[in-house]
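K.L.:
what follows is a predicted protein model with its sequence.
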Amino acid sequence: MSSRRSRVTGLRAMGAGLAALGLLASGCGGGDTGADGKVTIRYSWWGAQDRADLINRTIDLFEKENPGIEVKTDFQEYGDFWTKFNTQAAGGNPPDVFQNSYAFLRKYGRKNLLLDLNAQVKAGNLNLDDFRQGLGRAGEIDGKLLGVPVGANTFTLVYDVKAFEEAGVTPEHGWTWKDFDAAVKKISEPGEEFWGASSNGGVMYLYDLYLRQQDKAFFTEDGLGFTEADLRKWWGDHRAKLDDGLLVPAKQAAQVLPKSEVSAGLSAAEFTWDNFLARYASETDRELALAPIPTMDGERTAQYLSSLMLSASARTEHPEEVAKFIDFMVNDPEVGKIMGYNRGVLPTNAQFEAYEPEGPDAKIAEYEQSVTDYLEPITPHPAGTDTVEAAFLSIYRSMAQGSVSVDEAVSQFFDEAKTALGS
Amino acid sequence: MSAPTGTVRPARPSRGGANASARRRARSVLWHLGALALLAVVLYPVVWVLGGSLKPGDEIVGSLELLPTDPITDNYERLADGIAGIGIETFFVNSLLVALGSVAGVLISCSLAAYAFARIRFAGRNVLFALMIGTLLLPVHVLLVPQYVLFQKMELVNTYVPLLLGKFLAVDAFFVFLMVQFMRNLPRELDEAARIDGCGHWRIYWTIVLPLCRPALITSAIFSFIWAWNDFLGPLIYLNEPDKYTVSLGLKMFMDQDSLADYGGMIAMSVAALLPVLLFFLAFQRYLVEGAATSGLKG
Amino acid sequence: MMRTETPAPAGTEEERAAGNPRRPDPSAPASRPAATARRRARRETLAGYLFLSPWCVGILLLTLGPMLVSLYLAFTDYNLFDSPRWVGLENFSEMFSDGRWWTSVRVTAVFVLVATPLKLAVALGVAMLLVRPRKGQGFYRSAFYAPSLIGASVSIGIVWRALFQDDAVVDRSLSLFGWDGGGWVGDPDWSIPTLIALSAWQFGAPMVIFLAGLKQVPRELYEAAEVDGAGAWRRFRSITLPMISPVLFFNLLLEIIHSFQIFTSALVIAGPGGRAGGPGDSLLVYTWYLYEQGFSNLRMGYASAMAWMLLAGIAVVTAVLFWSQRRWVHYEEGGR
């Protein structure tokens, strides 16, 4: 017994020793100042080459106007981005400034990884005055400004115009879930590889809106805002529609990955963020359009704006330069013209007005204008949101595939959400 | 290079007669037919990728056709313009650098370690050997962060050193083990004869064991080249500037959840990424087995 | 257990007949005084460590340190950013009540048990096909190796989904045999078979190693056996298998270890979106779940504990294999 304990303490001491040696503890931060007095900041983001082309142009612009600052960029696909970010941040070497989203603010804010930009706002390096619809403060959590939006999106229904015309349904503000269900039923034709709607019951943001329409929400500040019975009803409804052949079956959806069901021509309607229209439109010849979320009462969509943001690392040695960089990226009209709606609808008036959208972007702009008056404040996203979101989607898919029943799926989700939000 | 103890492959006894030769020819045709049929199955997905690279991007996903009805070269032309402002050749040069560096590192360091394990009796050998096998057993993901911190402390992040240092320090137990398996089966008489002539371990290693282990070395060279070429996690974590990226990172620049996906470009890039490794393999495969015939791996 | 020596050369009748005298151990020749032998042993040890010095530096610097750190972390609650907090055995006990952990163990075990033998059988079969010199053998070897050159990428994921979907080539071929499965993609029951197919398809590495081994089997043995009237199966059983057993051992060991750690291929098969595990967690392989816990959920302590649990599991299998090799692995030399 005593020998066992000493072995454990030994391990503990050894681990602590190694930690002290620095294999865990964080080293010194990123940026450096070159011999020529030039400050270099590292900027990381997720996306693909189309976004890279645009961002590179905005950075050229920034460097021309700020000759003392050099920006080095680095980008990956979304999942890889976070792996790299987590490793580098754990190693004490996070990028000075990086793309972020609202869902991660609490997760990383709580671990003191994000710089409170309020000091820079006060110092005049970062101007938040021109933001649309109070977006400037959208990244403020508990009095700390942890992120600044570079683009804002709201939820939408992407729909196949022709299919809805044929069904005689015009989706417009104030339409109800009943209208939606009726349209789906009309469009779905038994025996054909075309369904009324994509199987979206696992999309957390959609269920959030559905709950908000009933004065609930997906999250509270630190937990779930709905009961198992609520979820049983939501997933149960989807189960029934799947059984009736109204939603795209899981198997067909899996076969067309990484395309979405609507752009693969499997379904006539899909709930998603409005900026996804650009991607969907490029993947299909069908005419797609955007509609507001159906309502319960013919009035309230409960939609809100969510944003992609830029956050600064708490470890950066160049907070001032980083703030100037963010300021430039959100306020400069030229940047707006270049970026368009690649990261969402432009956040400041100056940029929004400078950019003249065409094609899918024009539809997105029109849609966002049309819903402006109905927008509400966003649901809080506690730390662990990303884990819960992934679990919600995966467990729904298992249910949709029929490998678990609705009841099993619901209790599995609640178990996992508890762990994710508790830690 | 002629090996001291070459096993000369015996000439096939000729079974004279036109009848036998016809039968042999028939068997050979049969063999080729069988091998080609098997190849057709094995290579079907590879051909699909080749065909896909000649299809328009929006026809690729879920395509039922093996080959395009109307082949186009747009995907490759787009590649020639570079990805995200970086010339495509940059990725290939970088990958080549890393892959060739890995080959050199693995050949030198792993053969030294393998020689020690296989041919020298020293105190603690079994423990160290077990330790080496042990390093194969832990999934790399839990080592990422501590290793990253180490290279970060040494200020080697954003260089190729973290990708190569391990290769020069024989960290890849697979190759050490592979070479050990080969070296153990070299006849021991060779060492003893050399020893009597007054050769030290270094001479034995360099003039006897290494030449005899050529198949193991070639195998290791091929594998280390391909694995370094395809490695993703290392370059992802350690390289911070796109113009230092390797091909495996470049391959992932075509898609992201909120981007327009360029399936055509991606498939074309996959084909392009395949070519150098295929050439490397083609160039070295013949040493692979011919070499084996003249040396050590017995059993 | 894990040792480089193998007792008693098993050899074959022919070799024994040819005379394969046991040589005296050079490090302890009986005729020399003991002091010389000790000096000799010391010199050998010195030489051993000299040759091993790069490896020693490597393992101390790059492997052992990080491994010990992860061992320590296995007993802590560590979110990557705050200091680790000691929790004793909590991570390990949590595993046993974690449903998804059990799923990952089950999925991985099935994969290892089926994919490893299948892949080795394919590799050995093709290697035997290619072992005799033929016209165009370089082409055949390279062509059979090509799938392994591609690695596991997004493109392979797209190809695989395209081939296994409803009414695609695999489905059509199977229905020729009267099996109308309707495609394997998106069907949780068929995820693992698809993953196994992908893994077996990339059989190049073991094939190359088998080829090298097969080339070494003296053809005289086969000819002698043929004269004795031994059929193809007999020849395979009593000549080929024993003769290539060291190579088989190597391939078996390494493939088992790799199969336990399978990661990228599962990701490729599951496709993008959702989280680790694919449809109904049917592809939740162990390392993937570990990765999700460590990097998405920021539970590196738990992930480390999982890693060490896996290490323990593979170590047991490895130990059994090493122990068993004296029964079936035949090193021609006395081995050292």
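P.N.:
Yes, it's here.

K.L.:
in three-state terms, label residue B:191 for me.
P.N.:
helix (DSSP: H, G, I helix; E, B strand; the rest coil).

K.L.:
what's the burial count for it?
P.N.:
Close neighbours of residue B:191, defined as other C-beta atoms under 10 Å in any protein chain shown, add up to 20. Using the backbone N, CA and C atoms, a C-beta is placed for each residue, glycine as well.

K.L.:
ok, residue A:143 next?
P.N.:
Counted with other C-beta under 10 Å, the neighbours of residue A:143 add up to 7.

K.L.:
shaky segments in chain B?
P.N.:
Applying pLDDT under 70 to chain B flags residues B:1-17, B:288-299.

K.L.:
break it into its domains for me.
P.N.:
The record, using automatic domain parsing to delimit domains, assigns chain B the ranges B:19-78, B:86-293.

K.L.:
any chance of these in CSV, plus distance to chain C?
P.N.:
Formatted as CSV, those follow (distance: least, C-beta to the nearest C-beta, whole Å):
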stretch, distance to chain C
domain B:19-78, 5
domain B:86-293, 3
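
K.L.:
spit out the contact partners of residue 270.
P.N.:
In the absence of a named chain, this looks at chain A. Applying C-beta atoms under 8 Å, 6 or more residues apart in numbering or on different chains, we find residue A:270 in contact with A:157, A:158, A:159, A:197, A:198, A:200, A:260, A:261, A:262, A:280.

K.L.:
not what I meant, chain C
P.N.:
By C-beta under 8 Å, 6+ apart, the contact list for residue C:270 reads C:191, C:276, C:277, C:278, C:279, C:283.

K.L.:
how about residue B:51, nearest residue that isn't a chain neighbour?
P.N.:
Of all residues not flanking residue B:51 in the chain, residue B:67 sits nearest, at 4.2 Å (C-beta to C-beta, 6 or more residues apart in numbering or on different chains).

K.L.:
tell me the confidence at residue 22?
P.N.:
Chain wasn't specified; assuming chain A. pLDDT recorded at residue A:22 is 58.

K.L.:
other chain: chain C
P.N.:
At residue C:22, pLDDT is 41.

K.L.:
residue A:307 now?
P.N.:
For residue A:307, the pLDDT comes out at 91.

K.L.:
export stretch A:94-110 to PDB, keeping only CA atoms.
P.N.:
What follows is stretch A:94-110, C-alpha atoms only, in PDB (Å, rounded to 0.1, in the frame of the first residue of the first chain):
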ATOM      1  CA  PRO A  94      -1.400  31.600 -30.500                       C
ATOM      2  CA  PRO A  95      -1.800  33.900 -33.500                       C
ATOM      3  CA  ASP A  96      -2.100  37.600 -32.600                       C
ATOM      4  CA  VAL A  97      -5.400  38.000 -34.200                       C
ATOM      5  CA  PHE A  98      -7.700  35.300 -35.500                       C
ATOM      6  CA  GLN A  99     -11.100  34.500 -36.900                       C
ATOM      7  CA  ASN A 100     -13.600  33.500 -34.300                       C
ATOM      8  CA  SER A 101     -17.300  33.100 -33.900                       C
ATOM      9  CA  TYR A 102     -19.800  34.000 -31.300                       C
ATOM     10  CA  ALA A 103     -20.100  30.400 -30.300                       C
ATOM     11  CA  PHE A 104     -16.600  30.300 -29.000                       C
ATOM     12  CA  LEU A 105     -16.400  33.500 -27.100                       C
ATOM     13  CA  ARG A 106     -17.300  32.100 -23.700                       C
ATOM     14  CA  LYS A 107     -15.300  28.900 -24.300                       C
ATOM     15  CA  TYR A 108     -12.000  30.800 -24.900                       C
ATOM     16  CA  GLY A 109     -12.900  33.900 -22.900                       C
ATOM     17  CA  ARG A 110     -13.200  31.900 -19.800                       C
END
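
K.L.:
helix or strand with the lowest mean pLDDT in chain C?
P.N.:
Lowest on mean pLDDT, DSSP states H and E among the helices and strands of chain C sits helix C:13-18, with a mean of 36.

K.L.:
can you tell me which helices and strands the helix or strand just after that one packs against?
P.N.:
For helix C:13-18, the succeeding helix or strand toward the C-terminus, using DSSP states H and E, is helix C:34-58. With contacts taken as 3 or more C-beta pairs under 8 Å, 6 or more residues apart in numbering or on different chains; DSSP states H and E, helix C:34-58 sits against helix B:88-119, helix B:125-137, helix B:161-168.

K.L.:
repeat the analysis, applying 7 Å as the threshold.
P.N.:
Applying 3 or more C-beta pairs under 7 Å, 6 or more residues apart in numbering or on different chains; DSSP states H and E, one finds that helix C:34-58 contacts helix B:88-119.

K.L.:
list the buried ones in the helix it packs on?
P.N.:
Going by neighbour count (16 or more other C-beta atoms under 10 Å in any protein chain shown), the buried part of helix B:88-119 is B:88, B:90-92, B:94-103, B:105-107, B:109-119.

K.L.:
that one vs helix B:161-168, what angle?
P.N.:
30 degrees (axes from the mean of the first three to the mean of the last three C-alpha atoms, to 10 degrees).

K.L.:
which strands and helices sit next to helix B:88-119?
P.N.:
helix B:161-168, helix B:173-183, helix B:214-230, helix B:247-250, helix C:34-58.

K.L.:
close to chain A, is the first one?
P.N.:
No. When contact is scored as C-beta under 7 Å from any C-beta of the partner chain, no part of helix B:161-168 falls within range of chain A; the minimum is 11.4 Å.

K.L.:
give me the three-state assignment for the residue nearest the centre of chain C.
P.N.:
With distances taken as C-alpha atoms, centre = their mean, the residue of chain C nearest its centroid is residue C:255 (1.5 Å). Recorded secondary structure, residue C:255: helix (three-state DSSP).

K.L.:
and it, what does it touch?
P.N.:
C:116, C:119, C:120, C:206 (C-beta atoms under 7 Å, 6 or more residues apart in numbering or on different chains).
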